[in-house]
Structures are given as C-alpha cells and as structure tokens.
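Visitor: With the input below, show me the fold.
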Amino acid sequence: MSKAPIIMWFRRDLRLGDHPALTAACESGHPVIPVFIHDEIVETHGAAPRFRLGLSVENLAASLKEKGSRLILRRGKALDVLRDMIEKTGAGAVYWSRLYDPDNKARDTDLKATLKEDGVDAQSFAGHVLFEPWTVETKTGGFYKVFTPMWKAVRGNEVPRDLPAPGSVPAPETWPVSDSLDDWHMAAPMDRGAEILRGHCVVGESAASNRLGAFIAHRVAGYQKNRDLPGVDGTSGLSENLTYGEISPRRCWHAGWRALNDGKADAEVFLKELVWREFAYHLAFHTPRIVSDNWKEDWDSFPWNTDERIAEVKAWKRGRTGIQFVDAAMREMYVTGVMHNRGRMIVASYLTKHLMCHWKIGMDWFADCLIDWDPCSNAMGWQWSAGSGPDATPYFRVFNPVTQLDKFDKDRAYVKRWLAEPYSGPSDTARSYFDMIPRHWAMSTGDDYPEPIVAVDEGRKRALDAYENRGF
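Guide: Sure thing, here's the model as predicted:
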C-alpha cells in the first residue's frame with residue numbers, strides 16, 4: 001500500500017453500492033481516503049436540507065467504518081481543502097461523482113482544471129442520473145425541451161446494471177485529521193424542530209433499499225391512481241434518498257423494469273417519474289438560467305409580486321390561507337420535510353396564480369423546508385406551475401384547491417392529518433406543527449381557522465386578467 005492515496009470526495013452520492021467513482025478507486029490498487037467537505041455550496045443550504053444532509057453524512061461514516069475505512073470531514077472552500085489534503089497525505093488523485101446544477105458545475109469545472117494544473121489526477125464519474133445530459137439529443141440535435149418526447153426517446157435506452165458495494169475500502173497507512181460532525185452544528189438552523197423532523201426522515205443506504213423493496217412489493221401495482229391521493233401511502237418516498245444519493249437512480253430504474261416485466265403495469269408511471277427527474281437535470285445543464293430566472297424570457301415583464309413580507313405570503317408560508325388543501329400541504333412540509341406531489345402543484349399554483357406572487361418566493365421557501373430539496377427539480381417544478389418554464393402547465397390552468405380537495409381527499413384524511421383548528425380532537429401530526437414553528441408566529445391549536453385570504457374564484461379571475469393583459 002505504498003502507492004499514493006486516492007481522495008474519494010463524496011457529495012450527493014452518500015452510498016457504497018452502485019457507486020462508479022468509489023468502485024474505481026477501490027479497484028485501483030491504491031489506498032482510498034473518503035472525504036466529505038462542508039464547502040461553499042453546502043453553506044448555502046437551507047435549514048431542513050442541511051439538517052438532513054448531516055444525517056446522511058453520519059450514516060455514510062458508519063457504513064465506511066464497517067468496511068474498515070473512515071469518512072474524513074473538513075470544512076472550507078472545496079479547492080482549498082482538497083489541496084491541503086493532497087499536500088498532507090501525498091494523494092495523487094481525486095475522484096468524485098458529477099453534479100449538474102450551475103453552482104456545482106461551475107465549482108467542479110474550475111476545481112478540476114486547477115487540480116490538473118497541479119499535476120493531480122482529477123476524475124469525475126457518472127452516478128447521479130440515468131443518462132448524462134450530453135448523451136440525449138433530439139432527432140435534429142440539441143436537448144429536449146418537452147418531457148414526453150424525451151421519455152419516448154430514452155425509454156428503451158440501455159442503462160448499465162448497478163454495481164455491488166465494495167467488499168472493503170483499502171485504507172491508507174495513516175489517516176488525516178478530521179473535523180467532528182457535531183462541531184458543524186448542522187441541526188442548529190432547525191431550532192426546536194430538529195427532533196420532530198428527525199422522526200420523519202428515512203436515512204441511509206440500507207433504509208433506502210428497504211423503502212424501494214417495499215414500494216415495488218406492495219404499492220407500485222396501484223401507483224397510477226394512489227400517487228394522486230395525499231391521504232394514502234401510495235408513493236415511493238424515494239425522492240428523499242435520491243436527493244442525497246443514498247440510492248442510485250439506476251437501481252430504482254431496474255427495479256421498476258422488473259416490476260413492469262412481472263405484469264405490474266403501473267411501474268411504467270414510476271419509470272416516467274424517474275425520467276421527469278432526469279428532465280430537470282438535463283434542463284439545468286443545458287439552460288442553467290432555469291434555477292434563477294424565468295426560463296421563458298417573455299415572462300420577465302409579468303407583474304408578479306416580489307415582496308415576501310406581505311401578509312398573503314406570510315399566511316401562505318404558515319399554512320393560514322384559509323384554503324384547507326393549501327394549508328395542510330404547507331404544514332406537512334414544515335413537519336416532515338416533504339410534501340405530497342399533488343400538494344406541491346396546489347400550493348405552487350395558489351401562490352403564483354391566486355396570490356400573484358413570484359415563483360422565486362415559493363422556490364426559496366421550499367429550499368429552506370424540504371429534506372428532498374434539489375436545485376434542479378425544485379426550480380423546474382416551480383416554473384412548471386407558474387407557467388414560465390419548459391413544458392409548463394398552461395397559463396390558463398389555475399388549479400381550484402377546493403374542487404381538488406373534493407377530488408383527491410374526499411374523506412378529508414389528509415387535511416385532518418395536518419390541520420388542527422377546523423377539527424375537534426386534532427391528530428398528533430396536526431399538533432406537532434405547533435411544536436415546530438417559531439414561537440414568534442404566535443399560533444396555537446386553539447386559534448380560529450381563518451377565512452380565505454383570497455376567494456378562489458376571485459383569485460382565478462385576477463390571474464387570468466393579468467395573463468390576458470400581458471398577451472399570453
């Protein structure tokens with residue numbers, strides 16, 4: 001083991017199985033030094049994503065320990081940390097898995113070029129998506145801007161089989177100094193809500209694998225219908241684990257195909273959802289403005305409100321709009337760190353159309369509250385709902401949150417789970433919201449439930465008038 005070590009830089013790939021970069025490092029014959037860096041990108045994370053990331057890092061450290069290895073923790077600018085580790089360990093290479101959002105892409109491009117100038121073997125590997133963004137093109141060249149043609153194009157593409165976890169991770173003769181995860185205080189921004197949120201997290205590679213197995217065995221057969229019912233446990237829940245790379249997308253892909261070949265027809269809808277995730281990464285790679293600006297530039301003049309201090313925005317964030325579907329979904333997110341997909345469409349439509357507020361306000365709030373937050377998926381979802389994104393919902397489609405509730409939560413199982421004020425004997429989950437929120441919100445289960453801050457019909461008419469006056 002006298003060969004120069006390889007630094008294995010973990011980021012959004014916090015697993016051992018189906019990990020091309022880790023597999024290559026372990027098969028190289030060199031010692032491997034796994035590292036996670038609390039770098040300039042992590043510093044920008046919101047409260048819930050940072051907290052959840054800390055749990056995943058902790059779990060990965062335990063998994064590496066079982067393989068006779070360690071996870072070295074460092075905090076600082078990624079390039080500075082890696083250069084320091086290279087100097088002190090004599091490492092000759094740094095391996096990592098590719099990411100595709102503008103911030104990570106820019107950092108990695110500069111970092112790779114600088115390390116190579118330093119004489120270091122800097123290599124990036126696939127692993128976060130099924131299809132690298134530059135490998136999928138339309139018949140005329142260029143990237144897909146509409147989802148359905150992309151789905152049809154990649155549906156039959158070959159996806160490599162997932163790789164087994166290495167039996168062991170070869171250790172260096174001496175280990176570099178590591179920070180303590182506790183010293184990073186990744187739960188601090190959560191304040192008193194950390195322990196409640198922790199109880200809703202499903203953390204780590206083993207838990208993600210079990211979650212996938214249970215979904216394929218028991219729920220994928222009814223996925224097409226049940227995924228739209230927020231009161232039913234009908235989804236995979238895997239967005240949380242895919243976000244941190246605790247499970248690979250191709251492992252999910254192959255599991256979906258096995259289910260489809262076994263006669264579970266709804267598995268195709270699950271496969272489409274995996275490609276919808278791909279669609280977000282491909283768009284962010286080819287048109288990075290999607291994560292910060294209107295993808296359709298003619299929306300730049302649309303008269304959205306951009307002041308998040310107004311009363312309507314505060315009511316929306318706090319689940320006090322007087323619209324039960326909206327409020328239940330917003331509280332579900334605050335307590336659990338996730339929100340049912342039907343709820344995401346409803347609350348986004350309500351904010352951008354009924355309340356006429358900019359999608360960035362919602363995107364930023366989600367970025368603070370979601371444990372499955374992802375910069376690409378979050379931005380695409382918000383722009384899809386607002387109408388300013390690619391393949392977006394038409395401007396004239398304004399979800400009616402009242403009729404949507406009647407359609408998808410007829411027995412009110414979902415809203416009763418998350419709303420306390422309108423119901424006698426509120427559930428424990430509904431009560432837990434009041435144990436998490438900031439005290440200065442001054443909310444309690446005994447409050448009267450508010451009247452709608454904007455009547456559904458009034459909000460819809462106002463939105464359509466604004467669209468028509470803008471010539472959309």
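Visitor: Could you tell me which strand of this protein is the longest one?
Guide: For the chain, the strand with the greatest residue count under DSSP state E is strand 32-38.
Visitor: For F366, see how far away the closest residue to T243 other than its chain neighbours is.
Guide: Excluding its sequence neighbours, the residue lying closest to T243 (C-beta to C-beta, 6 or more residues apart in numbering) is D372, at 4.8 Å. Using the backbone N, CA and C atoms, a C-beta is placed for each residue, glycine as well. Distance, D372 to F366, by C-beta to C-beta, to the nearest Å: 10 Å.
Visitor: one step back: can you name every helix or strand that the longest strand of the chain contacts?
Guide: strand 6-10, helix 20-26, helix 47-66, strand 72-75, helix 78-89 (3 or more C-beta pairs under 8 Å, 6 or more residues apart in numbering; DSSP states H and E).
Visitor: Pick the most deeply packed of those.
Guide: strand 6-10 (a mean of 26; mean count of other C-beta atoms under 10 Å).
Visitor: Quick check: mean pLDDT of that strand?
Guide: Across strand 6-10, pLDDT averages out at 98.
Visitor: Direction included, what does that strand pair against?
Guide: Using DSSP bridges, the strands paired with strand 6-10 are strand 32-38 (parallel), strand 93-97 (parallel).
Visitor: Dump the ones you listed to JSON lines, plus mean neighbour count.
Guide: Output for the strands paired with strand 6-10, formatted as JSON lines (neighbours: other C-beta atoms under 10 Å):
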{"stretch": "strand 32-38", "mean neighbour count": "24"}
{"stretch": "strand 93-97", "mean neighbour count": "23"}
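Visitor: Distance to A442 and mean pLDDT for the ones you listed - can I get that in CSV?
Guide: Below are the strands paired with strand 6-10 laid out as CSV (distance: least, C-beta to C-beta, whole Å; pLDDT from 0 to 100):
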stretch, distance to A442, mean pLDDT
strand 32-38, 34, 98
strand 93-97, 45, 98
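Visitor: Let me know which of those is the nearest to K65.
Guide: K65 lies closest to strand 32-38 among these, at 10.4 Å (C-beta to C-beta).
Visitor: Just the residues contacting the closest one, thanks.
Guide: Strand 32-38 is contacted from outside by 5-11, 14, 22, 25-26, 57, 60, 64, 69-76, 78, 81-82, 85, 89, 91, 169-172, 175-176, 179, 184, using C-beta atoms under 8 Å, 6 or more residues apart in numbering.
Visitor: 7 Å instead, please
Guide: Strand 32-38 has contacts (C-beta atoms under 7 Å, 6 or more residues apart in numbering) with 5-10, 25-26, 57, 64, 69-75, 78, 81, 85, 89, 91, 169-170, 172, 176, 184.
Visitor: what inclination does it have with respect to helix 47-66?
Guide: Angle, strand 32-38 to helix 47-66, by axes from the mean of the first three to the mean of the last three C-alpha atoms, to 10 degrees: 170 degrees.
Visitor: low pLDDT regions in the protein?
Guide: In the predicted model of the chain, residues 1-2, 471-472 satisfy pLDDT under 70.
Visitor: domains for it, by residue range?
Guide: 1-126, 129-160+204-286, 297-467 (automatic domain parsing).
Visitor: what's the spacing between the longest one and its chain's center?
Guide: In this view, domain 297-467 has its centroid 18 Å away from the chain centroid, taken as C-alpha atoms, centre = their mean, to the nearest Å.
Visitor: gap between the two ends of that domain?
Guide: 15 Å (C-alpha to C-alpha, to the nearest Å).
Visitor: Ok, the second one next?
Guide: Counting by C-alpha to C-alpha, you get 15 Å between the two ends of domain 129-160+204-286.
Visitor: can you check stretch 365-384 too?
Guide: The first-to-last residue distance of stretch 365-384 comes to 17 Å (C-alpha to C-alpha).
Visitor: Contacts made by it with the rest, please.
Guide: Residues contacting stretch 365-384 (C-beta under 7 Å, 6+ apart): 46-49, 52, 100-101, 201, 239-240, 243, 277, 280-281, 283-284, 290-291, 295, 317, 333-334, 337-338, 344, 348, 359, 362-363, 389, 392-393.
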